[in-house]
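Enquirer: my questions concern the predicted model and sequence given below.
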Amino acid sequence: MKFYDRLINESAPGAQQAVPATTNVPSAEYPRVYADGRVTFRVRLPGAKSVRLEGGQGLCSSPVTMTKDQDYWTTTLAPVVMGFHYYWFNVDGIVMNDPGSQTFYGHGRQTSGIEIPDPQLISSDLVTAPVIPFYAPHAGPQGQLHEHWYKSKITGDWRRCYVYTPPAYFEAESAAARYPVLYLQHGAGEDETGWVRQGGVNFIMDNVILGNVSSFFAIGPATVKAKEMLVVMGNGYATYADAGVRNADPSEAYLRPDSKAFGAVLTQELIPFIDRTYRTVANRDGRAMAGLSMGGSQTMAVALTHRDLFSHIGTFSGAQFSTPAAAQSAGQATPPFDPKTSYGGALANAEDFNRNIRLLWMGAGTAESALNNALRENADKLRAAGIKLTEYHTPGTAHEWQTWRLCLNKFAPLLFQA
């Protein structure tokens, strides 16, 4: 029985209405999700003196003390925001993952994660014909994910990237077709697997390309199908192999110390590698860049200093300005975002910017207050300066994957349109 079918059939009251999370390892009964949005965590730790549940903003904003019943520690959370959430147990001061859950690379390590479905997908009293989420697989043509390794001369190590190809890429009738490319970055503490495993990038892209406008929680009907495109996901951390010998890149001034070489790797190695390996539209009109959190900040740093390479820019929960390296080393605070001076004046000439950048898109969740407020403030500054942009706020979501899934779902259909 398929998962969503099983959710609909679980209509009995109480604990019988709960089902194991889809992110559990095989045969694990816990965590369990309920029809009203609650979720129960349970772990066997007979020798523990105290156990707390900890996790992402949308799951529990502060640690939750679990209670012991014989050898088991349990807690049930009030209705949780739907989507993917990282979590872990704090056992007598030591962090450990849930043996009942799969792990995902987040928070700088392999971390337990749970997928919370919409409560309606569990209760047969509310839904008779469930609509599958926009980040889940649908029947019909599907794109493919590819893993590549390449040796970087800039960093001196082997680097990995993932590439999504749209459903028609390998069809005979598309053999001569060339495709635009979206370079899509992960956040801090994550890596290039994030959009693949936590984000469901291939399912999101399949659905927006095929025009599955009935996809659940799509926030309004889609007006257009997305163009078929490649999506490339590389690792956002990069440092120069030799600090004295570097392929200088203008984005360095706005990147974190642990990713100073990222712009150089992307523009000098990864983009040429993708253009050699795939049938791409190998010019600025065929390239977009976007990212979440740290990846959003990287996008602003790289794309705004390489307007000759990118024509579409998107930031999901990303800071709209990064402190230049010289100010960082001096311990200075991030200055206010100023369209006239930030990023070397890349936004100073609104007419020129609007002519060359076909889309500037900024999104954040309403529950990530600081970033959401900064987005609103900086978007107002940009509009006042004459810069055209699209602003989007995902309702009720925090600094977590549901925000970024929703952002990609709204951003991708706007790319590369005539």
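Expert: The structure has been received and is ready for your questions. Given the structure is predicted, the values throughout are model-derived calculations rather than measurements. Numbering: from 1, shown residues only.

Enquirer: could I get the full set of strands for the stretch 201-350 of the chain?
Expert: For the stretch 201-350 of the chain, the strands defined by DSSP state E, counting those that start in this stretch cover 230-234, 287-292, 312-316.

Enquirer: in JSON lines: those, plus mean neighbour count.
Expert: C-beta coordinates here come from the backbone N, C-alpha and C atoms, glycine included. Conversion of the strands of the stretch 201-350 of the chain to JSON lines gives the following (neighbours: other Cβ atoms under 10 Å):
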{"stretch": "strand 230-234", "mean neighbour count": "26"}
{"stretch": "strand 287-292", "mean neighbour count": "29"}
{"stretch": "strand 312-316", "mean neighbour count": "28"}
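
Enquirer: redo the ones you listed as a markdown table? Include mean pLDDT and distance to residue 278.
Expert: Shown next, in a markdown table, are the strands of the stretch 201-350 of the chain (pLDDT from 0 to 100; distance: least, Cβ to Cβ, whole Å):
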| stretch | mean pLDDT | distance to residue 278 |
| --- | --- | --- |
| strand 230-234 | 98 | 6 |
| strand 287-292 | 98 | 13 |
| strand 312-316 | 98 | 18 |
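
Enquirer: can I get these in CSV with distance to residue 344?
Expert: Output for the strands of the stretch 201-350 of the chain, formatted as CSV (distance: least, Cβ to Cβ, whole Å):
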stretch, distance to residue 344
strand 230-234, 24
strand 287-292, 17
strand 312-316, 15
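
Enquirer: closest to residue 191 out of those?
Expert: Between residue 191 and the strands of the stretch 201-350 of the chain, the shortest gap by Cβ to Cβ is with strand 230-234, which sits at 9.2 Å.

Enquirer: other SSEs contacting that closest one?
Expert: When contacts are defined as 3 or more Cβ pairs under 8 Å, 6 or more residues apart in numbering; DSSP states H and E, strand 230-234 packs onto strand 158-165, strand 181-185, helix 194-197, helix 201-210.

Enquirer: report all helices and strands that the shortest one contacts.
Expert: So the one you mean is helix 194-197. Looks like helix 194-197 contacts strand 103-106, strand 230-234 (3+ Cβ pairs under 8 Å, 6+ apart).

Enquirer: how about those in JSON lines, adding distance to residue 355?
Expert: Listed next are those as JSON lines, based on distance: least, Cβ to Cβ, whole Å:
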{"stretch": "strand 103-106", "distance to residue 355": "39"}
{"stretch": "strand 230-234", "distance to residue 355": "26"}
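
Enquirer: for residue 71, find the nearest of these.
Expert: In terms of Cβ to Cβ, the element of the helices and strands packed on helix 194-197 nearest to residue 71 is strand 103-106, at 23.0 Å.

Enquirer: got a list of contacts for that closest one?
Expert: For strand 103-106, the external contacting residues (Cβ atoms under 8 Å, 6 or more residues apart in numbering) are 86, 97, 110-113, 189-191, 193-194, 197-198.

Enquirer: ditto for stretch 161-174
Expert: The contact list for stretch 161-174 (Cβ under 8 Å, 6+ apart) reads 140-148, 150, 177, 179, 192-193, 195-196, 201-202, 205-206, 209-210, 228-235, 270, 274, 277-279.

Enquirer: repeat that for stretch 392-402.
Expert: If you take Cβ under 8 Å, 6+ apart as the criterion, stretch 392-402 is touched by 56-58, 81-86, 198-199, 219, 293, 317, 361-368, 371-372, 375-376, 403, 406-407, 410-411.

Enquirer: possible to save the contacts of strand 103-106 as TSV with pLDDT, distance to residue 70 and neighbour count?
Expert: Formatted as TSV, the contacts of strand 103-106 follow (pLDDT from 0 to 100; distance: Cβ to Cβ, whole Å; neighbours: other Cβ atoms under 10 Å):
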residue	pLDDT	distance to residue 70	neighbour count
86	97	28	24
97	98	22	17
110	97	29	12
111	97	28	21
112	98	23	24
113	97	27	26
189	96	36	15
190	97	37	27
191	98	39	18
193	98	38	18
194	98	38	25
197	97	35	19
198	97	34	26
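
Enquirer: SS state for residue 86?
Expert: The three-state assignment at residue 86 reads strand, by DSSP: H, G, I helix; E, B strand; the rest coil.

Enquirer: what of residue 137?
Expert: Going by three-state DSSP: residue 137 is coil.

Enquirer: ok, residue 373 next?
Expert: Going by three-state DSSP: residue 373 is helix.

Enquirer: ok, it to residue 379 distance?
Expert: Distance, residue 373 to residue 379, by Cβ to Cβ, to the nearest Å: 11 Å.

Enquirer: give me the more crowded residue out of these two.
Expert: residue 379 (20 against 11; other Cβ atoms under 10 Å).

Enquirer: hmm, who's touching the host helix or strand of that one?
Expert: Using DSSP states H and E, residue 379 sits within helix 369-384. Under the contact criterion Cβ under 8 Å, 6+ apart, helix 369-384 has outside partners 317-321, 337-339, 347, 360, 362-366, 389, 391, 393, 399.

Enquirer: can you name the next helix or strand after it?
Expert: strand 390-394.

Enquirer: mind saving the C-alpha coords of the helix or strand following that next one as CSV?
Expert: Where DSSP H and E defines the elements, the next helix or strand beyond strand 390-394 is helix 401-411. Listed next in CSV are the C-alpha coordinates belonging to helix 401-411 (Å, rounded to 0.1, in the frame of the first residue of the first chain):
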residue,chain,number,x,y,z
TRP,A,401,13.2,23.2,3.9
GLN,A,402,9.5,23.8,3.5
THR,A,403,10.3,27.5,2.9
TRP,A,404,12.9,26.7,0.3
ARG,A,405,10.8,24.1,-1.4
LEU,A,406,8.0,26.6,-1.8
CYS,A,407,10.5,29.2,-3.0
LEU,A,408,11.8,27.0,-5.8
ASN,A,409,8.3,26.0,-6.7
LYS,A,410,7.5,29.7,-7.3
PHE,A,411,10.9,30.7,-8.7
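
Enquirer: quick one: helix 401-411 to strand 312-316, angle?
Expert: 160 degrees (axes from the mean of the first three to the mean of the last three Cα atoms, to 10 degrees).

Enquirer: now do helix 401-411 against helix 369-384, angle only.
Expert: Going by the same axes, to 10 degrees, helix 401-411 makes 20 degrees with helix 369-384.

Enquirer: I'd like the numbering to begin with 823 instead of 1 from here.
Expert: Okay, residue one is now 823; in that scheme the one you just asked about reads as helix 1223-1233.

Enquirer: quick one: helix 1223-1233 to strand 1003-1007, angle?
Expert: Angle, helix 1223-1233 to strand 1003-1007, by the same axes, to 10 degrees: 160 degrees.

Enquirer: distance from the chain centre to helix 1223-1233, please.
Expert: Averaging C-alpha positions (Cα atoms, centre = their mean, to the nearest Å) puts helix 1223-1233 7 Å from its chain's average.
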